[in-house]
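[1] got a predicted structure here, sequence first:
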There are 4 protein chains.
Amino acid sequence: MKTRVGRPRSEKSREAVLAATHALLGEGGRLTFEAIAKRAGVGKPTIYRWWPSLADIVLEALLSQADAEIKVSRSSSLRDTLQDFLRQSMQAITAGAGTHLRFLMAQAQQDEAFRVRFREKFTAERRKVLRSIFQDAVERGQLDKRQNLDILADMVFGAMWYRLMLGHLPMDELFAGELAETVAKLVQSHAAD
Amino acid sequence: MKTRVGRPRSEKSREAVLAATHALLGEGGRLTFEAIAKRAGVGKPTIYRWWPSLADIVLEALLSQADAEIKVSRSSSLRDTLQDFLRQSMQAITAGAGTHLRFLMAQAQQDEAFRVRFREKFTAERRKVLRSIFQDAVERGQLDKRQNLDILADMVFGAMWYRLMLGHLPMDELFAGELAETVAKLVQSHAAD
Amino acid sequence: MKTRVGRPRSEKSREAVLAATHALLGEGGRLTFEAIAKRAGVGKPTIYRWWPSLADIVLEALLSQADAEIKVSRSSSLRDTLQDFLRQSMQAITAGAGTHLRFLMAQAQQDEAFRVRFREKFTAERRKVLRSIFQDAVERGQLDKRQNLDILADMVFGAMWYRLMLGHLPMDELFAGELAETVAKLVQSHAAD
Amino acid sequence: MKTRVGRPRSEKSREAVLAATHALLGEGGRLTFEAIAKRAGVGKPTIYRWWPSLADIVLEALLSQADAEIKVSRSSSLRDTLQDFLRQSMQAITAGAGTHLRFLMAQAQQDEAFRVRFREKFTAERRKVLRSIFQDAVERGQLDKRQNLDILADMVFGAMWYRLMLGHLPMDELFAGELAETVAKLVQSHAAD
DNA sequence: AACTAAACGAGACGGTACGTCCAGTCTTTAA
DNA sequence: TTAAAGACTGGACGTACCGTCTCGTTTAGTT
């Protein structure tokens, strides 16, 4: 049988929880199950029934935002493609996702099980996109095929995360542009090998 | 007046707190003021008197470890210098500092005031060292003087932090070596400009 | 119309609920709707549909036991009749009804509406029996007709309940016998008036 | 050493808890730790630290009332002494203690450990008083020395508790008087033996 | 034989209170 | 005057049940 018996899960409650989480994160206060339940007009057990941790709620809230999607425009230039990708990422971060991301990465340090889910549901997807951008460059002969693409991806995402989390320098389009450019130079050098 | 009156601060208590913090972090349990106080045989108010937050205790515990110091051997090759620097960093992380670092960065996301202190007392120092390594390369003509060194530092430290915090790939000497090599290639390409 | 349309009440469920209640009370654990529903294999709403409170279930479980009935053997001696009545009561209590009774009286303290139902369905019936025993004695001239029989009934039932609930002294046949005897002496004294 | 170190227990909190409990019981609402903590302006852990159950708080609240004390005026007549004792008890009950007593006895049915404390701290004391009244009568030859005084005490206290908890007939001075008189008659009969 | 309507099991819902942990503060005695 | 010990208020935790609700299913009597 397909349909389970019993009262079905309330879609309304699910959305209320995600919306409340969104709002609370934006307001800067401490995010707690209690506050979410109150704001969403939902019972605490309902939240515990469906999400194993605060971080999982935030992750779902992040993923449920349609505008979180990034459309990569594949141009023939690695530099332009990368710049577009990083600028879009940057915009999403400064538009609000930054708070979610910082929360998620912090929680991942305190909850090993969540760290695995975070990798699988979020960062692995993001890495896949960046990797395919690099793969294209390899195939066009713009990037040395001996280059470890994981290292390259770690450098690019790492720079973004590091600046986001440490806050020592601004997260802006200039940074995204320069980052793309620096990597692009590396690409050219490899082509010259 | 120089010497304050009254009972002086107990150096023994200070060390007991740092040792307890060290031990608790290593055991993987949740780090709390209560647990530290109990383990150190010290009253909670004593801890609150001397440290503004858990993270500050951990930071002091980290800095008080003599072996946390990294001695950079300046060779004429950027690649070798970098490799030495990154390998030493990696060793410190895998030897135990990794837990401290992850905790500190996580706390910095939840405590803006601590984030500032963390930058000033720890990451700024580390960046200074890496920056001087790059500066040497610029002066030797191995690195394009137009290259933004902050971006470069963000990429190197970022890759390390990103992998440490996400745990998607191993933190090992191979990684440190390949990371140094990738940056060194970039350097060579710039020299060729 | 007499026979209502639709599915009739399930006698099987009713009995399963009473049996589960019986079992759970005997096991000493806390009695809850949830536990009864689970044990009886019955939905919670089914229970709420037919019983207004836990206490009402327990009351019905108690009354549905055929062996809970007490047959009074009316002898010409008040003392013997009373002793038979109290000994039978005592046996029912020690055989298991004691747990039910304690639960019911406790609930009656927290639920005024149930207290009324408890009186009407249970204690009033029991008082009626004892009262008729006393009435017989009055008619035989063994008991002063000016004696307030309610007071007398309160003393007899009160002593039983008090000892059952407080547990300071054993609930046994000796107690039942001595209680009957003490009342019987009172009776004789009145006859002597 | 006599005086313990550390902050001493707050007498103010203790009194606030007892006062809040008193007030809440009087208002008829359900008595909970949460409500007491809120009303008393006290943290829940403070209550849990000092009292093992709600019933223990109510018991302490009851015992802390100076007016709960009953002074027995020993006259030469058992009947008068008893009547005085029971009337005072009745007055205390109707004046407010009745709510406490009903709550305590109900809780004693659900918490075996408390039932023991309740017996030791409250009912044993009350029984001691009544027993000494009967003992006096025995010594004066007004009461058969073979009479089991425990049974007698169970009948008197039982009648009071039974009527209080069941509520089938009024708790008033008339009841107290008639109860005393009925027992007194029994006494006379024994003297006549 | 198909239809109607109520009762059924299952289980999710909003909610209250539980009993606990820890935060951060306060009050006392000891050093 | 500071340290230690430990009790304090208070907030959130995660859980157990409450009493209600919404499903799809079952079971009679009615058409």
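    Nice, I can see it.
[2] A:Arg126: neighbour count?
    The criterion is other Cβ atoms under 10 Å in any protein chain shown. On that basis, A:Arg126 has 15 neighbouring residues. To be clear about C-beta, it is placed using only N, CA and C from the backbone, and glycine gets the same treatment.
[3] pretty sure it sits against A:Phe157.
    Yes - with contact defined as Cβ atoms under 8 Å, A:Arg126 and A:Phe157 form a contacting pair (7.0 Å).
[4] what residues go with each domain of chain A?
    A:11-50, A:67-192 (automatic domain parsing).
[5] what about the first one, near chain D?
    What that stands for is domain A:11-50. No - looking at domain A:11-50 against chain D by Cβ under 8 Å from any Cβ of the partner chain, there are no contacts, and the closest approach is 14.2 Å.
[6] about what we covered before: most tightly packed of the domains of chain A?
    With neighbours defined by mean count of other Cβ atoms under 10 Å in any protein chain shown, none of the domains of chain A is more surrounded on average than domain A:67-192, at a mean of 18.
[7] averaged over its residues, what pLDDT does it have?
    Looking at domain A:67-192 alone, the average pLDDT works out to 91.
[8] give me the distance between it and the centre of its chain.
    10 Å (Cα atoms, centre = their mean, to the nearest Å).
[9] ok so, going back, quick one: closest of the domains of chain A to C:Thr99.
    Judged by Cβ to Cβ, the one of the domains of chain A that comes nearest to C:Thr99 is domain A:11-50, at 31.1 Å.
[10] how about that closest one and chain C, touching?
    No - Domain A:11-50 does not reach chain C (Cβ under 8 Å from any Cβ); its nearest approach is 13.0 Å.
[11] pull the distance from that domain to the chain's centre.
    Taking Cα atoms, centre = their mean, the mean C-alpha location of domain A:11-50 is offset from the chain mean by 21 Å.
[12] for A:Ile93, phi and psi?
    Dihedral angles phi and psi of A:Ile93 (degrees, to the nearest 10) take the values phi -70, psi -50.
[13] OK, contacts around it?
    A:101, A:160, A:164, A:171 (Cβ atoms under 8 Å, 6 or more residues apart in numbering or on different chains).
[14] of these, which belong to strands?
    The strands, defined by DSSP state E, take in nothing from these.
[15] A:Ala35 reaches A:Gly29, doesn't it?
    Yes - here A:Ala35 reaches A:Gly29: they are 7.1 Å apart, a contact under Cβ under 8 Å.
[16] now the contacts of A:Ile93 as JSON lines including distance to DNA strand F?
    JSON lines is the format used below for those (distance: Cβ to the nearest atom of the strand, whole Å):
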{"residue": "A:Leu101", "distance to DNA strand F": "20"}
{"residue": "A:Met160", "distance to DNA strand F": "29"}
{"residue": "A:Leu164", "distance to DNA strand F": "24"}
{"residue": "A:Met171", "distance to DNA strand F": "28"}
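[17] closest one of the residues you listed to D:Val17?
    Distances from the contacts of A:Ile93 to D:Val17 were compared by Cβ to Cβ; the smallest belongs to A:Leu101, at 46.4 Å.
[18] state the distance from that closest one to chain D.
    Relative to chain D, A:Leu101 is positioned 36 Å away (Cβ to the nearest Cβ, to the nearest Å).
[19] name the SS class of the residue of chain A found nearest chain C, please.
    The minimum distance from chain A to chain C, using Cβ to the nearest Cβ, falls at A:Gly6 (9.7 Å). In terms of secondary structure, A:Gly6 is coil; the call rests on DSSP: H, G, I helix; E, B strand; the rest coil.
[20] helices or strands next to the helix or strand hosting A:Arg115 in the packing?
    Under the assignment given by DSSP states H and E, the secondary-structure element containing A:Arg115 is helix A:112-118. The helices and strands touching helix A:112-118, judged by 3 or more Cβ pairs under 8 Å, 6 or more residues apart in numbering or on different chains; DSSP states H and E, are helix A:54-63, helix A:98-110.
[21] so which of those helices gets nearest A:Gly43?
    Using Cβ to Cβ as the criterion, the shortest distance between A:Gly43 and these is 14.7 Å, found for helix A:54-63.
[22] and that closest one, what's its mean pLDDT?
    On average, helix A:54-63 scores 96.
[23] could you say what helices and strands that helix packs with?
    helix A:11-27, helix A:33-40, helix A:98-110, helix A:112-118.
[24] what distance do you get for A:Ala23 to DNA strand E?
    16 Å (Cβ to the nearest atom of the strand, to the nearest Å).
[25] isn't that residue up against A:Ala40?
    No - with contacts counted by Cβ under 8 Å, A:Ala23 stays clear of A:Ala40, the gap being 9.3 Å.
[26] if we can go back for a sec, nearest to chain B among the contacts of A:Ile93?
    Among the contacts of A:Ile93, A:Met160 lies closest to chain B (Cβ to the nearest Cβ), at 7.2 Å.
[27] phi, psi of the closest residue to DNA strand E within chain A?
    Closest contact between chain A and DNA strand E, by Cβ to the nearest atom of the strand, is at A:Gly6 (2.4 Å). For A:Gly6, the backbone dihedrals are phi 90, psi 170 (criterion: degrees, to the nearest 10).
[28] that one - how many residues pack around it?
    Using other Cβ under 10 Å as the criterion, A:Gly6 is surrounded by 7 other residues.
[29] tell me if stretch A:123-133 is near chain B.
    Yes - remark: stretch A:123-133 sits within contact range of chain B at A:123-124, A:127, by Cβ under 8 Å from any Cβ.
[30] make CSV out of these and add distance to B:Leu78 and secondary structure.
    Below are the residues of stretch A:123-133 next to chain B laid out as CSV (distance: Cβ to Cβ, whole Å; DSSP: H, G, I helix; E, B strand; the rest coil):
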residue, distance to B:Leu78, secondary structure
A:Thr123, 30, helix
A:Ala124, 33, helix
A:Arg127, 28, helix
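[31] redo those residues as JSON lines? Include distance to chain C.
    Compiled in JSON lines, the residues of stretch A:123-133 next to chain B are given as follows (distance: Cβ to the nearest Cβ, whole Å):
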{"residue": "A:Thr123", "distance to chain C": "41"}
{"residue": "A:Ala124", "distance to chain C": "41"}
{"residue": "A:Arg127", "distance to chain C": "46"}
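[32] contacts for the top helix by length along chain A, please.
    Using DSSP state H, we find that the single longest helix of chain A is helix A:173-192. Identification of contacts with helix A:173-192 by Cβ under 8 Å, 6+ apart yields A:78-79, A:82-83, A:85-87, A:89-91, A:137, A:141-144, A:147, A:152, A:155-156, A:159-160, A:163, A:169, B:147-148, B:151-152, B:154-155, B:182, B:185-186, B:188-190, B:192.
[33] next, the angle from that helix to helix B:173-192.
    Taking axes from the mean of the first three to the mean of the last three Cα atoms, to 10 degrees, one finds that helix A:173-192 is oriented at 90 degrees with respect to helix B:173-192.
[34] distance to C:Arg14 added to the domains of chain A, as JSON lines?
    Conversion of the domains of chain A to JSON lines gives the following (distance: least, Cβ to Cβ, whole Å):
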{"stretch": "domain A:11-50", "distance to C:Arg14": "30"}
{"stretch": "domain A:67-192", "distance to C:Arg14": "45"}
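[35] ok, which of those comes nearest D:Glu15?
    When the domains of chain A are ranked by distance to D:Glu15, counting by Cβ to Cβ, first place goes to domain A:11-50 at 30.4 Å.
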